[in-house]
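Q: sequence first, predicted coordinates after that:
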Amino acid sequence: MPRNPVDKKAVSWASRYGTTATNNLPQYYPEKYVSTIITPSKLVQIQAEFPWVDLDDFHNYHVKCPYATEANVHLVRDTIVGSDTYWQNTNVINEVESHTLTSGVMIRHSRGSKHGWLCVDPNCPYYQGTVSGSIAGSNYFYI
């Protein structure tokens with residue numbers, strides 16, 4: 001395995017990580033895949049609500065909003081101090097809705113020193129304030 005960063009780029013994915021390993025690496029989608037989900041017309045609709053969002057904010061490794069029907073995992077951590085289920089995961093499968101503009105894909109976002117994922121779909125039930133524990137107009141943020 002080459003140690004020089006320039007030489008590392010010349011090594012193919014298969015020779016670096018092997019081809020026999022399965023299900024141990026995060027799924028990687030090329031940049032063009034993002035543009036098939038977030039089309040220019042959908043981006044204009046997202047920017048009408050969130051003008052600071054750009055296509056570059058949707059990174060290649062995708063995390064999906066747990067309130068989206070398009071997501072496979074619908075677990076949300078309870079962060080309300082004093083709650084009986086504080087810091088435990090709660091299944092929100094009964095509160096999900098379709099995210100028509102983003103297909104549930106969240107953007108990479110930073111809130112001060114907290115780096116995570118932010119749902120910017122205006123159809124998100126968390127953003128609309130229709131799910132338990134949400135305030136209308138605040139986006140779902142996952143650390």
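A: Received, thanks.
Q: count the residues that sit near residue 65.
A: Neighbours of residue 65 under the rule other Cβ atoms under 10 Å: 30. Heads up, the C-betas are built off the backbone N, CA and C, glycines and all.
Q: same thing with the one 4 residues further on?
A: Look at residue 69: counted by other Cβ under 10 Å, it has 14 neighbours.
Q: swap in residue 77?
A: By other Cβ under 10 Å, the residues close to residue 77 number 13.
Q: got a list of contacts for stretch 99-119?
A: 34, 37-38, 42, 45-46, 53, 57-59, 62-65, 67-71, 120-124, 126-127, 139-143 (Cβ atoms under 8 Å, 6 or more residues apart in numbering).
Q: for that stretch, which positions count as buried?
A: Neighbour-count burial for stretch 99-119 flags 99, 101-109, 117-119 (criterion: 16 or more other Cβ atoms under 10 Å).
Q: per-residue confidence for the closest residue to residue 47 other than its chain neighbours?
A: Once flanking residues are discounted, residue 47 sits nearest to residue 53: 6.0 Å by Cβ to Cβ, 6 or more residues apart in numbering. Listed pLDDT for residue 53 reads 94.
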